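Participant: Provide a 3D model corresponding to the input given below.
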Amino acid sequence: SEWVGHTPVRISYGCNGQCMYCVERNAENGVQFRPLTDVIEEIEDVGKEGKSIWLACSEANMPNSNYITELCNMVVERGINNRFTSYFIPKNFTQAMYEKLICAGFTSHSICLGISHISNKVLAQNHIPYRREDIENTLDIFLNNKAAGVTIGLILGLDGEDEESFSELAEWIVQSSKKFGS
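Facilitator: Sure, this is the predicted structure:
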């Protein structure tokens, strides 16, 4: 089946995060990754159809970046030539990870950052495992690589959201857009 122009290929189930709004938080068994060889075989199968692939998971770099890095390495080693999309959190997002993703077939726009909010107060109140500094550091990676842009997921109305935090978010969106030239 297709979703938003991409064929989903599941890479993991569950999440070990604590985000208050998430249906997968505190998964009993944490994050359960599919064997890399199974994922690669499914990608190769789907790839024959020329489809873009959505790597389905909570966030592809949670709880760490080892799995997604190994998956990118295998995609490159096998010469798989597809477009990929997935969600990532800004915590521990690195230049090396960005480079691996781009080499494997991601674009700056298909690396979707699920940042939820930029107010540290809102992030903390909702047990989200990163802070504004992590978000800024991750955006700097995109900017330093002269990325045309980035796809960002935000959530309005989280616990603790008020006029001040909403204004902070709105101003951040305007300023961040300017950094990318839009």
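
Participant: residues touching the spatially most central residue of the chain, list them.
Facilitator: Centroid-nearest residue in the chain, with CA atoms, centre = their mean: F88, separated by 1.7 Å. Contact analysis of F88 by CB atoms under 8 Å, 6 or more residues apart in numbering lists E59, A60, N61, I111, C112, L113, G114. Any C-beta I mention is one placed from the backbone N, CA and C, and that applies to glycine too.

Participant: Now the last one: which helix or strand?
Facilitator: Going back to what we said before, that points to G114. Taking DSSP states H and E as the definition, one finds G114 inside strand 111-116.

Participant: Could you identify the helix or strand that succeeds that strand?
Facilitator: Per DSSP H and E, the first helix or strand lying C-terminal to strand 111-116 is helix 120-125.

Participant: Let's see that next one as PDB, backbone CA atoms only.
Facilitator: C-alpha atoms of helix 120-125 as PDB (Å, rounded to 0.1, in the frame of the first residue of the first chain):
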ATOM      1  CA  ASN A 120      12.200  24.100  26.500                       C
ATOM      2  CA  LYS A 121       9.300  24.600  29.000                       C
ATOM      3  CA  VAL A 122       6.900  22.700  26.700                       C
ATOM      4  CA  LEU A 123       9.500  20.100  25.800                       C
ATOM      5  CA  ALA A 124      10.300  19.400  29.400                       C
ATOM      6  CA  GLN A 125       6.700  19.300  30.500                       C
END
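
Participant: what is the mean pLDDT for that helix?
Facilitator: For helix 120-125, mean pLDDT is 95.

Participant: Buried residues in it, which are they?
Facilitator: Neighbour counts over helix 120-125 (16 or more other CB atoms under 10 Å) mark N120, V122, L123, Q125 as buried.

Participant: which helices and strands sit right next to that helix?
Facilitator: Packed against helix 120-125, as judged by 3 or more CB pairs under 8 Å, 6 or more residues apart in numbering; DSSP states H and E, are no other helices or strands.

Participant: Buried ones in the next helix or strand after that helix, by neighbour count?
Facilitator: Following helix 120-125 in sequence order, the next helix or strand is helix 132-144 (DSSP H and E). Using 16+ other CB under 10 Å as the test for burial, helix 132-144 gives R132, D134, I135, N137, T138, L139, I141, F142.

Participant: What is the burial count for H127?
Facilitator: 15 (other CB atoms under 10 Å).

Participant: What of I152?
Facilitator: Neighbour count for I152, taken as other CB under 10 Å: 16.

Participant: my guess is it contacts H117, does it?
Facilitator: No: in this structure I152 lies outside contact range of H117 using CB atoms under 8 Å: 10.7 Å.
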